[in-house]
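Peer 1: Compute the structure for the input listed below.
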Amino acid sequence: MSFPADEDHDPVRGPGDVPAAGGDVDRGRHQGPLEDELDAAFDRLVEEGAQRLGRTTTEVLVTGFFGGTEVALGVLAFVAVYRETGSHLLGGLAFSIGFLSLLLARSELFTEGFMIPIVAVAARRARPIHLAKLWGGVLVMNLLGGWLVMWLVVIAFPGLHESLIELASEYVLVGFGARGMALAVLAGAAMTLLTRMQAGTGDITGKMGAAIAIAFLLVGTGLFHSILDSLLIFGALHTGDAPFDYGTWLGWIWYVLIGNMIGGLVLVTGLRLLRSKDRLLEERSQAMQERLSPEPSARNADGRQQIQRERREQAREETEKAQRKADELDQLDESEKARRFRRARPRERDTD
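Peer 2: Next up, the predicted model:
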């Protein structure tokens, strides 16, 4: 879970770009502070969406891998508490460790990508190809990172094997149907609601409270979450005693992914965009004007990538220049080094 972009810590923000905290909101546009706060939250969504979609492929893959490992640690906490108490509700509270880790470590979870990146694409601050890269990379790496950690969990905690199989069976053995799809849609809506709540406040305590609440709802009620539940299923498969296989998982996850996306994109994000359609049109107009400018803008995913490439190229050139100077010095004999040092010292004293 990522914080909104912060101007003082954003390495690619230009001096003329709009700050992420919604500083470009026209405070006289509405009659009350509530509408202004909603506009400010929309600005934060656009800014953070462009930042996330402007990441390099390596950054996407690494943050996605970390996201999977962190959720897997939450799954470990959930299974351990369930084994001792038999309570899904208490296990849901324990699982919140995973969501808190995502929030504070700023990693990526696939189901977090149903609002913030979509808003940036809708505002013409990024292109669909950026969204496809983010979704595909994060989904694969979430599953890979979680698969690896669950393998370690199964080796380290043999006492959890029975609980892993029991919990995983509650999800994967539910075939495609109205109940399974409804559970998946509700999970997608809950996760995107979490994103919306965290984007609506700058207070870290509020963000943490939202993470705990949605973790409790998601796990405590047994909603179908494509990543979380897949990690439970992977854990059960790693034990070697599960009454299902990877084919069963594939037959389960395809409709859960669709349900998660419907819940997030339609029930939450679509209505949020409809609510802010005026601001959306303004952002699109501003984005079109910025594309006509020769200078890249950090508010656009393509602009951020161009700025990052230019800075990497500049850093590479400076490194090569310094290395050439070091190589030249290494080739000098000791008398020449001493002579150059004596010549440089008077200039240093004059400067002082």
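
Peer 1: What strand or helix carries A72?
Peer 2: For A72, the host element (DSSP states H and E) is helix 57-85.

Peer 1: ok, now W254?
Peer 2: Here W254 is assigned to helix 246-264, by DSSP H and E.

Peer 1: Export only the CA atoms of that helix, formatted as PDB.
Peer 2: In PDB, the C-alpha atoms belonging to helix 246-264 read as follows (Å, rounded to 0.1, in the frame of the first residue of the first chain):
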ATOM      1  CA  TYR A 246      -2.800 -26.700  -9.000                       C
ATOM      2  CA  GLY A 247      -5.400 -27.500 -11.600                       C
ATOM      3  CA  THR A 248      -8.100 -27.000  -9.000                       C
ATOM      4  CA  TRP A 249      -6.500 -23.700  -8.000                       C
ATOM      5  CA  LEU A 250      -6.500 -22.500 -11.700                       C
ATOM      6  CA  GLY A 251     -10.200 -23.500 -11.900                       C
ATOM      7  CA  TRP A 252     -10.900 -21.300  -8.900                       C
ATOM      8  CA  ILE A 253      -8.700 -18.300  -9.400                       C
ATOM      9  CA  TRP A 254      -9.900 -17.300 -12.900                       C
ATOM     10  CA  TYR A 255     -13.400 -16.400 -11.700                       C
ATOM     11  CA  VAL A 256     -12.100 -14.900  -8.400                       C
ATOM     12  CA  LEU A 257      -9.900 -12.500 -10.400                       C
ATOM     13  CA  ILE A 258     -12.900 -11.400 -12.500                       C
ATOM     14  CA  GLY A 259     -15.000 -11.000  -9.400                       C
ATOM     15  CA  ASN A 260     -12.400  -8.900  -7.600                       C
ATOM     16  CA  MET A 261     -12.000  -6.700 -10.600                       C
ATOM     17  CA  ILE A 262     -15.800  -6.200 -11.000                       C
ATOM     18  CA  GLY A 263     -16.100  -5.300  -7.300                       C
ATOM     19  CA  GLY A 264     -13.200  -2.900  -7.400                       C
END
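
Peer 1: That helix packs against which elements?
Peer 2: When contacts are defined as 3 or more C-beta pairs under 8 Å, 6 or more residues apart in numbering; DSSP states H and E, helix 246-264 sits against helix 161-172, helix 178-199, helix 226-239. C-betas here are computed from N, CA, C, even on glycine.

Peer 1: Distance from the shortest one to the middle of the chain?
Peer 2: It refers to helix 161-172. What separates the centre of helix 161-172 from the centre of its chain is 28 Å, taken as C-alpha atoms, centre = their mean, to the nearest Å.

Peer 1: ok, residues contacting that helix?
Peer 2: Contact with helix 161-172 is made by 78-79, 82-83, 154, 222, 224, 229, 232-233, 235-237, 239, 241-244, 248-249, 252, as judged by C-beta atoms under 8 Å, 6 or more residues apart in numbering.

Peer 1: Can you pull out the residues in contact with the helix holding W254?
Peer 2: Under C-beta under 8 Å, 6+ apart, the answer for helix 246-264 is 111, 114-115, 171-176, 180-192, 224-226, 229-230, 233-234, 237.
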